[in-house]
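> My questions are about this predicted structure, shown below with the sequence.
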Amino acid sequence: MQKFVFLFFIILSAQFKTADAKENIVLTIKSDVEPKINQLSIISNQEGKVEKILLKEILSNTVQVFDICDLQKGIVLEKQSGQDVAILKSVDFTPDRGGQLAIDYLHNGISGNRRFVLIEGRYTQSGMEVAYNGVTVTKANVLGNYVFGKVVGIKEIRFYEN
């Protein structure tokens with residue numbers, strides 16, 4: 001199974017390793033609930049326009065690839081027990097200018113209460129970056145919402161510059 005995942009990753013990498021494509025890690029995401037690290041990356045063409053979004057789970061070497069148009073319906077970043085725990089959405093993101101992004105997250109799985117946090121995908125001379133409250137961020141920490149010692153959702157998502 002590990003060979004298959006590794007082979008899939010090699011094939012996927014080769015698909016994007018053309019002279020025209022560039023991968024840029026825009027956000028590293030950690031959680032206090034489980035020991036995994038995710039990287040959110042974008043693939044841009046030679047004009048710098050975003051073509052794909054990649055979600056890599058580092059410890060398990062899994063990669064999910066999404067088209068930029070998937071942002072309108074929502075990209076599921078995390079799913080647990082059949083529920084979409086975190087979804088990345090945007091109604092105004094364009095491949096050449098970026099735009100506002102919302103991370104819609106499950107705050108309480110018992111009540112179904114959801115919350116969201118707004119971030120911005122924006123272009124700079126060095127490429128695409130993520131900003132929270134106008135400040136460039138590269139890391140996010142997801143804090144679990146606990147009831148009687150059990151995780152029922154996400155309490156909050158904190159963003160950091162470095």
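Received it, and whenever you're ready, just let me know what you need.
> what helix or strand does the most centrally placed residue in the chain sit in?
With distances taken as CA atoms, centre = their mean, L40 lies nearest the centre of the chain, 4.2 Å away. Assigned by DSSP states H and E, L40 belongs to strand 37-44.
> Now do that strand: everything it contacts.
The contact list for strand 37-44, computed with CB atoms under 8 Å, 6 or more residues apart in numbering, reads 16, 21-30, 50-59, 77, 88, 121, 127-128, 130. All C-beta spots, glycine's among them, are computed from the backbone N, C-alpha and C.
> 7 Å instead, please
16, 21-30, 50-59, 127-128 (CB atoms under 7 Å, 6 or more residues apart in numbering).
> same thing with stretch 144-159?
Here stretch 144-159 makes contact (CB under 7 Å, 6+ apart) with 32-33, 85-86, 103, 105-110, 117, 132, 137, 140-143.
> switch to 6 Å and redo it
Stretch 144-159 is touched from outside by 32-33, 105-110, 117, 132, 137, 140-143, with contacts defined as CB atoms under 6 Å, 6 or more residues apart in numbering.
> what two of those have the greatest distance between them?
With distance counted by CB to CB, no two of these lie farther apart than I110 and V137, which are 30.2 Å apart.
> between these two, who's got more neighbours?
V137 (20 against 10; other CB atoms under 10 Å).
> Can you report how many residues neighbour the nearest residue to the more buried one once chain neighbours are set aside?
What sits nearest to V137 in space, not counting adjacent residues and going by CB to CB, 6 or more residues apart in numbering, is F159, at 4.1 Å. Counted with other CB under 10 Å, residues neighbouring F159 total 19.
> Please apply the same query to N45.
Neighbours around N45, by other CB under 10 Å: 14.
> go on, S111?
By other CB under 10 Å, 10 other residues sit near S111.
> separation between M128 and I87?
Going from M128 to I87 by CB to CB, to the nearest Å gives 20 Å.
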